[in-house]
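S.K.: no FASTA, just this:
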Ligand SMILES: Cc1ncc(COP(=O)(O)O)c(C=O)c1O
């Protein structure tokens, strides 16, 4: 048995959808992209959705949509994929990092206020592993200081905070449709927002400042962040299966929770009562030597991932901003302890049973 940490589910519907686009010859951004945007608007209860090439460009264009300037500051977490901080750096703004909560692994809202200055423009919270950050508290702070709240929702499609879908828990949200995500299009990204101004700025940036009506009239600087109809066609079929995929992820997580909750060498992930967790990752915290556990998973051919082995303030190009080891003790501590195990819906029941048996025996 060799069980991968993730595996995309590609069925007849995705194959047919791609084939139909290829046969039509209409490969670039068109009707399929518009249809995928519509699905996101409905799911996220958002006024606008803008499809782009990937989750990184979704983050970048969202910040462009806010018209950030060099010197502006964006508050975010050190415990994420590097795209979160890179997207801020790419705008010329300064990422201001805030440590995380030890139980949810998300930004600690109680530490945000002390980092706010007159240059702070936005809070970019990450919904790590499929659980939203605490938007009740984050939105309260943002309101007090007139800041924009952006969700890095790359891992949280279908998640909710107090019944509000990820995608409208803050003012904007950025999704990834990368092949390993809960729904995927190979590569792909999406931004949701209720703001007409932000949407219009992003719309222009997506295709070199052109408004879609007048060719070669450039209203602003821009880039080519357009999604293809081929990718969108896959995404459309995947979105129809989101509920099925999420239910299976949550079902497997529930089985793991039950089986592992009393083990001594590791702890199960904490799902906050306010949140509907969609388990992009099922992440164990290893209380004794992590390497021994990893070696054990290797021996038993159980795939795993370390998301993420190094907090972002310790990555060279980010530490240069003025960060050093010791600045974010919780992020540093958990980075040494986390191991994610397979929870994707392509797992068979016998694979789930096998993982449970092996990890229970490890203790
Ligand atoms: C938290 C987070 N942010 C941003 C991204 C970037 O998305 P993409 O890989 O689609 O560019 C990812 C995906 O890997 C992610 O997990």
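M.R.: Thanks, I have the structure now. Just so it is clear, the model here is predicted, and its values are computed rather than measured.

S.K.: who are the neighbours in contact with residue 318?
M.R.: Residue 318 makes contacts with 82, 85, 89, 95, 312, as judged by CB atoms under 8 Å, 6 or more residues apart in numbering. C-beta coordinates here come from the backbone N, C-alpha and C atoms, glycine included.

S.K.: my bad, residue 293
M.R.: Contacts of residue 293 by CB under 8 Å, 6+ apart are 265, 266, 286, 339, 362.

S.K.: Out of those, which end up buried?
M.R.: 266, 286, 339, 362 (16 or more other CB atoms under 10 Å).

S.K.: part of a helix, is residue 235?
M.R.: Yes: under DSSP: H, G, I helix; E, B strand; the rest coil, residue 235 sits within a helix.

S.K.: Tell me how many other residues surround the nearest residue to it once chain neighbours are set aside.
M.R.: In space, and not counting its chain neighbours, residue 235 is closest to residue 185: 3.6 Å by CB to CB, 6 or more residues apart in numbering. Look at residue 185: counted by other CB atoms under 10 Å, it has 30 neighbours.

S.K.: Most proximal residue of the stretch 1-150 of the chain with respect to the ligand?
M.R.: Residue of the stretch 1-150 of the chain nearest the ligand, by CB to the nearest ligand atom: residue 55 (2.3 Å).

S.K.: what's the closest non-adjacent residue to that residue?
M.R.: Nearest non-adjacent residue to residue 55, counting by CB to CB, 6+ apart: residue 176, 2.6 Å away.

S.K.: helices or strands up against whichever strand or helix holds residue 16?
M.R.: Secondary structure from DSSP states H and E places residue 16 in helix 12-24. When contacts are defined as 3 or more CB pairs under 8 Å, 6 or more residues apart in numbering; DSSP states H and E, helix 12-24 sits against helix 229-240.

S.K.: Residue numbers of the stretch 101-250 of the chain in contact with the ligand?
M.R.: Contact residues (CB under 6 Å from any ligand atom) of the stretch 101-250 of the chain with the ligand: 126, 152, 154, 155, 176, 178, 189.

S.K.: Now do the domain split for the chain, please.
M.R.: Domain ranges of the chain: 12-99+108-240, 243-362, per automatic domain parsing.
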